[in-house]
Structure formats: structure tokens, C-alpha cells
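>>> This is the structure alone, sequence omitted:
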């Protein structure tokens with residue numbers, strides 16, 4: 001097997017690597033490239049999966065090297081997955097055990113999306129483009145949608 005790598009690939013820590021891989025396969029259609037098992041602990045020391053062709057590396061938590069969202073008390077990054085049918089993808093991820101953070105909604109920037117938290121604490125934005133919107137139009141729509149403070153109205 002030839003392993004090619006993109007110029008940027010995220011790597012995450014999870015509380016149970018084997019369960020995480022199974023969840024990502026069920027929820028997002030992930031394909032496992034390989035996993036390396038730590039012979040001392042039996043934990044996943046490194047694994048690689050692809051989601052829609054994009055590489056995601058993961059391992060079990062080793063606090064001296066990486067930490068899970070549970071250890072950190074939250075996330076510092078979110079993952080965007082572009083979908084052909086976001087409604088079906090969202091439903092599949094929830095059925096697999098993801099928690100809805102923000103329900104599916106059509107957004108001002110031309111995407112229909114919703115945010116989920118996986119059982120390992122990571123957050124995922126599932127999205128589908130439904131309208132082509134220029135950056136200038138996005139800004140106009142954002143300005144119109146953001147409430148102004150009373151001192152800014154006059």
C-alpha cells in the first residue's frame with residue numbers, strides 16, 4: 001500500500017481509538033488506512049482514516065503528547081465535512097451516536113449545515129452548498145443579520 005499525504009492533515013486524540021474508528025466509519029463513511037497498536041498498552045498509538053478522501057490521523061490519548069477534548073475541557077478546532085446530501089449524512093451521524101449541537105439550518109453564506117459532537121468530544125460541521133454566494137453578498141447578509149447595539153443605531 002502506498003501512503004500519500006496532503007500538505008496539511010489534522011491529528012486528534014480520542015479516549016478509545018478502536019471505538020472512534022468504528023464510529024467514524026458508521027457516522028461519516030470513513031475508510032481506515034491503517035492503525036499501529038502500542039505493544040505495551042494495547043492502545044492505538046497512531047491510525048489513519050479518510051473521510052470523503054480527506055486524511056484524519058488519530059490516536060488514543062497519551063497526556064504527555066496529546067489530549068482529548070474531555071481532558072482539555074472543550075475543543076480548540078472543529079471539522080467541516082462537505083456532503084452531497086447533508087440531511088441524510090446528519091441523520092446517519094446522529095443514529096451512530098453523535099449529539100446535535102446546532103440543528104441543520106440554511107445559512108446566510110449559502111450552505112445548509114448543522115454541528116454535531118461525536119462521542120469522543122470532537123465537533124463536526126456537516127454542510128452542503130445550496131446557493132452560490134459571493135463574499136460581498138455574505139458580508140451584506142451577515143451585516144443585516146447581526147443585531148446592533150442601541151448605541152450603534154444612531
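Thanks, I have it. Since the model is a prediction, treat every value here as computed from it, not as a measurement.
>>> pLDDT below threshold where in this protein?
151-154 (pLDDT under 70).
>>> need the strands for it, in chain order.
11-14, 31-37, 44-51, 54-60, 78-82, 99-106, 111-117, 123-129 (DSSP state E).
>>> what's the closest of those strands to residue 93?
Among these, strand 111-117 comes nearest to residue 93, with 5.5 Å by Cβ to Cβ. Backbone N, C-alpha and C define where each C-beta goes, glycine included.
>>> Adjacent strands (with direction) for that closest one?
strand 99-106 (antiparallel), strand 123-129 (antiparallel) (DSSP bridges).
>>> Out of these, which is the most enclosed?
With neighbours taken as mean count of other Cβ atoms under 10 Å, the strands paired with strand 111-117 reach their highest mean count in strand 123-129, at a mean of 20.
>>> Let me have the strands paired with strand 111-117 in JSON lines, extended by distance to residue 33.
Putting the strands paired with strand 111-117 into JSON lines (distance: least, Cβ to Cβ, whole Å) gives the following:
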{"stretch": "strand 99-106", "distance to residue 33": "27"}
{"stretch": "strand 123-129", "distance to residue 33": "20"}
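>>> For residue 71, find the nearest of these.
strand 123-129 (15.7 Å).
>>> who touches the closest one?
28, 75, 78-86, 89-90, 93, 98, 101, 104, 110-118 (Cβ atoms under 8 Å, 6 or more residues apart in numbering).
>>> if we go to 6 Å?
Residues from elsewhere that reach strand 123-129, judged by Cβ atoms under 6 Å, 6 or more residues apart in numbering: 75, 78-83, 86, 89-90, 111-117.
>>> Quick one, which of those are buried?
79, 81, 83, 86, 89-90, 111-117 (16 or more other Cβ atoms under 10 Å).
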